[in-house]
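Visitor: below is the structure, and that's it, no one-letter string:
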């Protein structure tokens, strides 16, 4: 058997038993590009404008079958009610594996302040949808018979239903979000219920916007913590953004640092066992021009052992519509 076929068989066996990379919509730093709804369902309809956001992410330019992600989301208030709705479509591809998903969201927003001037709001959100997982084996055999029941040379499909549940709290310039993604356990992917039936993930985000009265500048530090229930893996994002108000809208930029709290072991060239933790740094640039939004971010891997030195490029395009007046006397870019 050729070495290429041996490698393909090994890859197939590994991914047939470990599918934790396919956990629904991947969580990168696109939520920082005015897109918190993408990861927190309780943010549907929270802003004074309805929003459309589209993102495109490409990893490792120049590498065949490198990971790439496309998302489109839309959310807004239902008239003048306290309810919001939204929807998300996405397509994620990573080598021979790919997934496509669609979610619909309902959110409800409760005001605790006596007037709309002071922001004091608790929001609840529920997203429900389907994810279709695919494993493309059409090039695995290359005409050579392999007596392995796992490989049949076709495109294997598995579709699962799941829900995300979360809440958000906004008080003046402070905010916090808690979300449970993939709340339900299902039949698993690739017939392995021990590994893939529980894709539950917990997300916690919090931040504050600082500004001086009358100043065109504002500053937003924030944190995001995520935890995978099955593998007990966790990671934290430390973020900082700065905004400048302009006549045409707003320009902004920021920096995000992500580190996993769990290490992975590997063998060095001298056969010694070493370990490293995921470390990524992402600069972000964005502009809001009237009702349009454009953002770009680049993620750089800071680890010593990486697949390639190339980073991850991501572009976000957005449009706001059905806008109402800014109600609240706060510096809260996600709401006002």
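Guide: Okay, I see it. Just so you know, these numbers come straight off a predicted model, no measurement behind them. Numbering: from 1, shown residues only.

Visitor: can you list the weak-confidence ranges in the stretch 201-336 of the chain?
Guide: 265-269, 273-274, 303-310 (pLDDT under 70).

Visitor: show me where it has its strands.
Guide: 201-208, 210-211, 217-228, 234-245, 249-267, 273-289, 292-301, 312-321 (DSSP state E, counting those that start in this stretch).

Visitor: with distance to residue 80 and mean neighbour count added, can I get those in a markdown table?
Guide: (Glycine included, C-beta is placed from N, CA and C.) As requested, the strands of the stretch 201-336 of the chain are exported to a markdown table (distance: least, Cβ to Cβ, whole Å; neighbours: other Cβ atoms under 10 Å):
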| stretch | distance to residue 80 | mean neighbour count |
| --- | --- | --- |
| strand 201-208 | 28 | 18 |
| strand 210-211 | 29 | 14 |
| strand 217-228 | 28 | 18 |
| strand 234-245 | 27 | 17 |
| strand 249-267 | 25 | 15 |
| strand 273-289 | 24 | 16 |
| strand 292-301 | 24 | 18 |
| strand 312-321 | 16 | 18 |
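
Visitor: the ones you listed into TSV, with extra columns for distance to residue 69?
Guide: Formatted as TSV, the strands of the stretch 201-336 of the chain follow (distance: least, Cβ to Cβ, whole Å):
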stretch	distance to residue 69
strand 201-208	16
strand 210-211	32
strand 217-228	17
strand 234-245	17
strand 249-267	16
strand 273-289	14
strand 292-301	12
strand 312-321	8
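
Visitor: which one, of those, ends up nearest to residue 35?
Guide: For the strands of the stretch 201-336 of the chain, proximity to residue 35 was assessed by Cβ to Cβ; strand 312-321 is nearest, at 6.5 Å.

Visitor: listing partners with orientation, what would you give for the closest one?
Guide: strand 50-59 (antiparallel), strand 292-301 (antiparallel) (DSSP bridges).

Visitor: now do the first one: distance to the chain's middle.
Guide: Spelled out, that is strand 50-59. The chain centre lies 10 Å from the centre of strand 50-59; the measure is Cα atoms, centre = their mean, to the nearest Å.

Visitor: contacts for that strand?
Guide: 28, 30, 33-35, 37-38, 66-77, 293, 310-323 (Cβ atoms under 8 Å, 6 or more residues apart in numbering).

Visitor: buried residues in that strand?
Guide: For strand 50-59, the buried set under the neighbour-count rule, 16 or more other Cβ atoms under 10 Å, comprises 50, 51, 53, 54, 55, 57, 58, 59.

Visitor: right, and the strands paired with strand 312-321 - which one's nearest residue 183?
Guide: Relative to residue 183, the nearest member of the strands paired with strand 312-321 by Cβ to Cβ is strand 50-59, separated by 23.6 Å.

Visitor: for the helix or strand just after that closest one, which positions count as buried?
Guide: Counting by DSSP states H and E, the element after strand 50-59 in chain order, helix or strand, is strand 68-77. Neighbour-count burial for strand 68-77, counted by 16+ other Cβ under 10 Å, picks out 68, 69, 71, 72, 73, 74, 75, 76, 77.

Visitor: ok, stretch 107-123 next?
Guide: 107, 108, 109, 118, 119, 121, 123.

Visitor: from residue 108, how far out is the last one?
Guide: With the distance defined as Cβ to Cβ, to the nearest Å, residue 123 ends up 7 Å from residue 108.

Visitor: common neighbours of these two, please.
Guide: Counting by Cβ under 8 Å, 6+ apart, the contacts common to residue 123 and residue 108 are residue 84.

Visitor: starting from residue 180, give me the distance back to residue 316.
Guide: 25 Å.

Visitor: do residue 37 as well
Guide: 16 Å.

Visitor: more neighbours: which of the two?
Guide: residue 37 (30 against 15; other Cβ atoms under 10 Å).

Visitor: apart from its chain neighbours, what residue comes closest to that one?
Guide: Leaving out its chain neighbours, the residue that sits closest to residue 37 by Cβ to Cβ, 6 or more residues apart in numbering is residue 43, at 4.2 Å.

Visitor: what sits against the one you found?
Guide: With contacts defined as Cβ under 8 Å, 6+ apart, the neighbours of residue 43 are 36, 37, 75, 107, 123, 125, 168, 177, 334.

Visitor: where do the strands of the stretch 51-200 of the chain begin and end?
Guide: Under DSSP E, counting those that start in this stretch, the stretch 51-200 of the chain gives strands at 68-77, 83-94, 97-111, 120-136, 155-171, 174-181.

Visitor: residue 205: which of those is closest?
Guide: With Cβ to Cβ as the criterion, residue 205 lies closest to strand 174-181 of the strands of the stretch 51-200 of the chain, at 4.3 Å.
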